[in-house]
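Enquirer: After the sequence you'll find the predicted model.
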Amino acid sequence: MPVLLRSLEVEGFRYFAGKVSLRIDEGLTIIVGPVGTGKSSLLSAISYALYGTEPGLRKRLYLKEDLVNVSRNSARVVLELVDEKGVYRITRTLLKSGREDASLVKPSGDVVYGARAISEEVERLLGLDFEEFYRSVFLNFVDLFLLAYGTPTRRSRVLDRLLGLDAVAELVKSIPLRKVRERLERDRELYQQVLEDRRKLESEIQARTKKLEELRKKREDLLEQLKRLSVEIEKLQPLKTEYENLASSVEAEGQALSRLKQALGTRLPREEELYILAEEVRQSLLRAAELLPVPSELREKLAKLDVFGSDIRSVYALLREASEAVSSEYDRCTEDFEREEAAKLRECQTNLKSIDDQLIRLEPSVRDYEKAQQTYSRILREVGSEENLRGIIASLEREVRGLKDRLTSARMVSELRRHIVDELTRRDATQCPVCGSRVDRAWLKALDTLPRESIPEVEAELKRKEADLEKLKRVMEELQYAKARMIELQESVDAYNELLSRKEEVSEECDALRESFQRERQNYRTVELHVAKAVKDLSQLREGVEKLELARKIEEMERSLQEKRRRLEELLPSAQACRELEGKASKLREDLARIEGEIRGLEGYSSQAQLEELEERSRSLRERLARLEELYDNLAAVRSAYEKILGYLREQRVKELNEEMNSLLKLLYPYSDIEGVRLLVEENPKTGRNFFKLEVRVRGEWTPFTARLSDGQKTVIVLILLSAFFKRLPHNAGFLVLDEPLPNVDEKVKLTFMQNIFKAAGVKQVLITTQAEDVVRALVSEIEGVRMVSTQELHAQA
Amino acid sequence: MGEERFIGASVEREVRRLLEQELAENPKALSLALQILEAYTKGGKKGVAQLVRSLVEGEAGAGPAEEPRG
């Protein structure tokens, strides 16, 4: 018994958010509903339950997790199949994360877990893998449309897919023969290039070897020439050396002679002049020696020297010696004199300065003393003596005291009288407050007759006397202060006077010393003049003597130079010949060095490694080329074989299909206008590739099925073609799934198709989706065994 | 169904049989054809391209193909 569908349960799968159950009996089950209500989702659920995939996923139109309804986190599909052994229950759960769980419960009760294991079980059960199931059991509207209305190329592609040959066609195309050929050609070019490189390198090596031999021979020749030249040079070398030494000596001596002549100048002194000058030197030195404490021997030697009777050079030497001795003595004496006499004078001047400093310090005291003395003398002149002044002051003091008493009495009497007068103005008589006697106005008149002291006069007298007394007291104080000051400063004045005496003495001493110093210095100046003249004349004498010497030396050098120049002339030809030979030898050595450098460069350059590398590369490339050529040949043979097999399979399938299609045409198509149908495999003359051609016979003539047929007829022919595919494929599926197969055919065709599809396809169960609910309701009423399932009702059930 | 296949099992079997007939006299080509068939079945066009690339480069993995089955 073939495998049949039994029931389907979906929850959260594609368009179905809620749980939906569908029982699928034998016969025709038509799922109806408007667009977007989930008809195809139910068919998709069957495919997913069986194989864990479905057409949209396989075409990569969406991802597996997109199968989960947008409002749910997981999808669950349960499909029951049945065969002679019993019921198979497949459950697949898919999470939004993409995770899947699956189980298959067999009729025996055994459970198979895991998506892969279940898919393998289904393949075994139906005898179809997914690809085969999809192209033969699961017939869909897209394929129908492409077959009916697509271009020949697309139609051929769909037919290839339905025949299961699309993969073979793709496989043939996928064999990269062109790429391998290109690679092969590139490698051949590379190999040729390597061979060319190797040939070039070999030529280079040959040329280098030849060049090396030539250079070595050249080197030998040069060495031989050098050897010969060396022998000749060796012979001439001593003469050339002598010539060069002599030449440099002559040059040096010539320069020296020139310098000497320049030093000698134009005027050569006469010998007589030099003797006279020497005598003057002797005289000057002798005068100086007489004024200085020089040894007597020196003085005698100078005195006895016979200048004109001696050789001028020995005279000069003796005079120079004497001059040095006299000069030295003069220096020593002047130095001693300067040191000792000047020290004495400095000491004396220092003493004088010290006395001056002390005097300056004492001068303020002396001035104070003189001032006090003047004050004292002036006062004494005014008052006579100090005792006299004291007497005057004492007398004035007594007078002031008397005046003060008189003034007091007068003031008291006046006050008493004023008191008594006041009393008597109030009464006739009163009592004297002093003596207590009675006093009246008469007494008062009598009193007025008595003489009375004048208070203002007394007061004026007293004031005058007090002023005089004060003045005298101040004079007395001034006198006493001046006296005390004189006593206090007396010591300083005495010291000052003593210093003045001392200063006079020291000043006289300094003047004496300075006079002596000047005198001595004058003496030394005289000596200095003699010495200076002697030194100057001696210098002139030296110059003269030296010039005489120089003249003699120049004469000798000129003679020597003349001799050397004569010898140089003799040596010149040999030296020149030697130089020429040396120049030639040097040039030869340069050539030799260059050649040896070239030889070293050629010997050091190893081409062997490069040649070996090239040989290795060519060998490797040769091997690779051989491999690639073999691979290319084999690939070409393989591709050719695949193409042949593809053509053979197409023809084979077409032949079988044509028989099946004509048989199904009679069953499924209720009219007689289409007499036959056939599929042809033809070759495209441009591409050389095969393509399918579907033709129908109408009124005895074969024409392309797209040319004569209506849309409905095309659909039927295509369905017949698909059914033929289903029938020809060996499998164990007892059901057929058709997704929107009859969109545009009339009712008669539909009825005929529905009635006969079971027989034509040899199945017991057909599942169809369609939007045409009215047509389906009519079908349900007319044909037995047809069951309609509305997706809207299913949604209501959820 | 197991891992993804790029050619149906029955077609693969039929092609294998026909290849063995067609290339019976050229064992090296047959071996290569079977390698290509297997590569395509498992990896599609990419699988074939990878196989041929490795053969071109002479890599160790691209050794002689397995003997034809059955």
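Expert: Cool, got the structure.
Enquirer: so which strand or helix has A:Ile90?
Expert: Per DSSP states H and E, A:Ile90 falls inside strand A:86-95.
Enquirer: Please determine whether that strand lies in contact with chain B.
Expert: No - with CB under 8 Å from any CB of the partner chain as the criterion, chain B is not reached by strand A:86-95; the gap is at least 12.7 Å. No exception for glycine: its C-beta is placed from N, CA and C like everyone else's.
Enquirer: helix or strand right after that strand?
Expert: Beyond strand A:86-95 on the C-terminal side, the first helix or strand identified by DSSP H and E is strand A:100-105.
Enquirer: Okay, now the sheet partners of that following strand, with direction.
Expert: Pairing partners of strand A:100-105, with direction, according to DSSP bridges: strand A:86-95 (antiparallel), strand A:111-113 (antiparallel).
Enquirer: Ranking these by mean neighbour count, which comes first?
Expert: strand A:86-95 (a mean of 18; mean count of other CB atoms under 10 Å in any protein chain shown).
Enquirer: Among the strands paired with strand A:100-105, which comes closest to A:Leu277?
Expert: Nearest of the strands paired with strand A:100-105 to A:Leu277, taken as CB to CB: strand A:86-95 at 140.2 Å.
Enquirer: would you turn the strands paired with strand A:100-105 into a markdown table with mean pLDDT and distance to A:Cys333?
Expert: What follows is the strands paired with strand A:100-105, written out as a markdown table (pLDDT from 0 to 100; distance: least, CB to CB, whole Å):
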| stretch | mean pLDDT | distance to A:Cys333 |
| --- | --- | --- |
| strand A:86-95 | 95 | 135 |
| strand A:111-113 | 93 | 143 |
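Enquirer: Looking at those strands, spot the one closest to A:Ala410.
Expert: strand A:86-95 (153.7 Å).
Enquirer: neighbouring contacts of that closest one?
Expert: Residues from elsewhere that reach strand A:86-95 (CB atoms under 8 Å, 6 or more residues apart in numbering or on different chains): A:3, A:6, A:48-50, A:52, A:64-65, A:67-68, A:73-82, A:100-108, A:115, A:118, A:122, A:125.
Enquirer: now do stretch A:724-733
Expert: Contacts with stretch A:724-733, where a contact means CB under 8 Å, 6+ apart, come from A:2-3, A:83, A:125-128, A:132-133, A:135-137, A:139, A:162-163, A:653, A:656-657, A:660-661, A:664, A:736, A:760-763, B:10.
Enquirer: Likewise for stretch A:130-139?
Expert: A:43, A:47, A:50-51, A:53, A:55, A:58, A:119, A:126, A:128, A:143, A:161-162, A:164, A:167, A:719, A:722, A:725-726, A:729, A:731, A:733, A:735-739, A:741, B:1, B:5, B:7-10.
Enquirer: circling back: can you put the strands paired with strand A:100-105 in JSON lines and add distance to A:Glu335?
Expert: Putting those into JSON lines (distance: least, CB to CB, whole Å) gives the following:
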{"stretch": "strand A:86-95", "distance to A:Glu335": "128"}
{"stretch": "strand A:111-113", "distance to A:Glu335": "136"}
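Enquirer: Of all those, which one is nearest A:Met557?
Expert: Closest of the strands paired with strand A:100-105 to A:Met557 is strand A:86-95, at 126.3 Å (criterion: CB to CB).
Enquirer: If we go by neighbour counts, what in the lowest-mean-pLDDT helix or strand in chain A is buried?
Expert: Lowest by mean pLDDT, DSSP states H and E among the helices and strands of chain A is helix A:141-149, with a mean of 72. By neighbour count on 16 or more other CB atoms under 10 Å in any protein chain shown, the buried set for helix A:141-149 is A:Phe141, A:Asp143, A:Leu144, A:Phe145, A:Leu146, A:Leu147, A:Ala148.
Enquirer: quick one: which of those residues is nearest chain B?
Expert: If you rank the buried residues of helix A:141-149 by distance to chain B using CB to the nearest CB, A:Asp143 comes first, at 15.9 Å.
Enquirer: What helices and strands are in contact with the biggest helix by length in chain B?
Expert: Using DSSP state H, we find that the single longest helix of chain B is helix B:27-57. Applying 3 or more CB pairs under 8 Å, 6 or more residues apart in numbering or on different chains; DSSP states H and E, one finds that helix B:27-57 contacts helix A:166-174, helix A:177-264, helix A:608-668, helix B:9-22.
Enquirer: Contact partners for residue 58?
Expert: Looking at chain A here, since you left the chain open. A:Phe130, A:Tyr134.
Enquirer: Switch to chain B, please.
Expert: Counting by CB under 8 Å, 6+ apart, B:Gly58 makes contact with A:Arg624, A:Arg627.
Enquirer: how near is it to A:Glu623?
Expert: B:Gly58 sits 9 Å away from A:Glu623, going by CB to CB, to the nearest Å.
Enquirer: same question, A:Tyr134
Expert: Note on A:Tyr134: its distance to A:Glu623, by CB to CB, is 47 Å.
Enquirer: Between those two, point out the one with more neighbours.
Expert: Neighbours of A:Tyr134 and A:Glu623, each counted by other CB atoms under 10 Å in any protein chain shown, are more numerous for A:Tyr134; the result is 23 against 11.
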